[in-house]
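Undergrad: Attaching a predicted model along with its sequence, questions to come.
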Amino acid sequence: KRLIQPVFTQWDAMVSSDRLLQPLWDYFLFNHYFLISSPFFPVILCFSSYFFSSLPFAVLDLLGDMVPSIHHYKIQQERRPTMGMMAKSFGRAVYNHLIFVLPAVLTQTCFMPSVVLPSSAPTVVEVLIDGLAALLLFDTQYYMWHFVHHKHPQLYRWVHAIHHEYMAPFSWNTQQLSIPELITLGFWSNLDPILLKCHPFTTWCVTIISVWMSVEDHIGYDLPWGLNHLVPFGLLGGAPAHDMHHQKPNSNYAPFFSHWDRLFGTAILPGKITEKKVMYSL
């Protein structure tokens with residue numbers, strides 16, 4: 001059986017052989033080219049990252065105080081998600097992907113040219129700089145979108161309210177989104193790496209990291225090894241900030257970083273609730 005593989009010249013290999021990530025990139029190209037060049041690969045990567053990042057925390061939620069070493073880190077200990085709540089949130093994510101995302105990608109393949117992957121891997125510096133730029137850009141876009149949707153009652157009710165069904169977030173709740181919100185997030189997630197001219201490998205890294213950060217925001221546990229504790233100077237909001245957002249919806253709008261909430265005075269730290277609670281009804 002003959003398989004068509006991408007053609008790389010000896011010169012390509014010589015030029016890129018000094019790059020630390022080249023062996024890994026070559027492995028993907030020569031062994032999994034048809035998978036990673038498929039238009040469905042980003043969807044598979046995103047959903048699998050969501051599933052495998054969320055699953056351990058779902059188990060911890062179900063075990064509850066049977067695992068005291070972890071349970072005492074839970075932010076809202078009086079509120080625990082049930083199996084039914086988890087099934088509803090996860091079911092919404094599956095429904096969105098089956099009914100909208102996969103058909104949209106399938107339609108796109110009829111009009112867009114096939115993906116051609118570069119033969120050279122990115123440098124580690126490129127991955128770090130471009131990846132950080134993509135995260136910062138998305139963080140800015142979502143902060144503005146999020147702020148507007150919480151300030152406009154109709155937009156909140158029609159578009160964003162479904163994500164706030166539960167005051168105490170949990171891991172599966174991360175992708176409990178309406179179709180309009182899913183479209184918005186998907187549009188930015190696909191457009192930003194193109195605008196920043198990111199290497200595909202960098203884009204995949206950003207996908208995995210951003211999904212992990214989103215899940216970590218929703219787990220409902222302030223774990224000492226969470227990214228918000230590992231990254232210095234309080235640059236990341238993490239689970240405490242987003243958990244507070246679900247309790248106080250007019251606060252902590254940024255998905256990852258904390259600078260926009262600090263600059264615009266929308267940051268509220270745990271234990272610092274001073275404003276009147278505003279929550280639009282579903």
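TA: That came in fine, so what should we check first?
Undergrad: just for the chain, where's the confidence low?
TA: 1-17, 271-282 (pLDDT under 70).
Undergrad: Please tell me how far the spatially most central residue of it sits from Leu135.
TA: Geometric centre of the chain, nearest residue: Val211, 2.7 Å, by Cα atoms, centre = their mean. Taking Cβ to Cβ, to the nearest Å as the measure, Val211 falls 12 Å from Leu135. Every C-beta, even on glycine, is put in place using the N, C-alpha and C of the backbone.
Undergrad: go on, Pro39?
TA: 23 Å.
Undergrad: the more surrounded of those two?
TA: When Pro39 and Leu135 are compared on other Cβ atoms under 10 Å, the one with more neighbours turns out to be Leu135, at 18 against 13.
Undergrad: Which of the three states applies to the more buried one?
TA: What DSSP: H, G, I helix; E, B strand; the rest coil gives for Leu135 is helix.
Undergrad: got a list of what it touches?
TA: Going by Cβ atoms under 8 Å, 6 or more residues apart in numbering, Leu135 touches 206, 209-210, 213, 256-257.
Undergrad: Any chance of the residues you listed in TSV with distance to Trp145 as columns?
TA: As requested, the contacts of Leu135 are exported to TSV (distance: Cβ to Cβ, whole Å):
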residue	distance to Trp145
Val206	18
Ile209	20
Ser210	15
Met213	17
Phe256	14
Phe257	15
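Undergrad: Tell me, how many residues neighbour Asp139?
TA: 19.
Undergrad: thinking again about what came up before, ok, and the residue nearest to the centre of the chain, which helix or strand is that part of?
TA: helix 200-218 (DSSP states H and E).
Undergrad: Neighbour-wise, which one of the contacts of Leu135 leads?
TA: Phe256 (25 neighbours).
Undergrad: Skipping adjacent residues, who's closest to it in space?
TA: Asp139 (4.9 Å; Cβ to Cβ, 6 or more residues apart in numbering).
Undergrad: Which parts of the stretch 51-200 of the chain are helices?
TA: 68-71, 83-96, 102-109, 124-151, 153-155, 179-195, 200-218 (DSSP state H, counting those that start in this stretch).
Undergrad: closest one to His32 among these?
TA: helix 200-218 (11.9 Å; Cβ to Cβ).
Undergrad: Measure how far that closest one is from the centre of its chain, please.
TA: Its chain's C-alpha centre and that of helix 200-218 lie 5 Å apart, by Cα atoms, centre = their mean, to the nearest Å.
Undergrad: Ala239 contacts Met213, correct?
TA: No. Using Cβ atoms under 8 Å, Ala239 is not in contact with Met213, being 10.2 Å away.
Undergrad: returning to what we had before: want to throw the helices of the stretch 51-200 of the chain into JSON lines with distance to Trp225?
TA: Below are the helices of the stretch 51-200 of the chain laid out as JSON lines (distance: least, Cβ to Cβ, whole Å):
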{"stretch": "helix 68-71", "distance to Trp225": "11"}
{"stretch": "helix 83-96", "distance to Trp225": "23"}
{"stretch": "helix 102-109", "distance to Trp225": "35"}
{"stretch": "helix 124-151", "distance to Trp225": "20"}
{"stretch": "helix 153-155", "distance to Trp225": "36"}
{"stretch": "helix 179-195", "distance to Trp225": "26"}
{"stretch": "helix 200-218", "distance to Trp225": "10"}
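Undergrad: Can you tell me which of these is nearest to Lys248?
TA: helix 124-151 (10.5 Å).
Undergrad: got the buried residues for the closest one?
TA: 126-127, 130-131, 133-135, 137-139, 141-143, 145-147, 149-150 (16 or more other Cβ atoms under 10 Å).
Undergrad: now the angle from it to helix 200-218?
TA: When axes from the mean of the first three to the mean of the last three Cα atoms, to 10 degrees is applied, the directions of helix 124-151 and helix 200-218 differ by 40 degrees.
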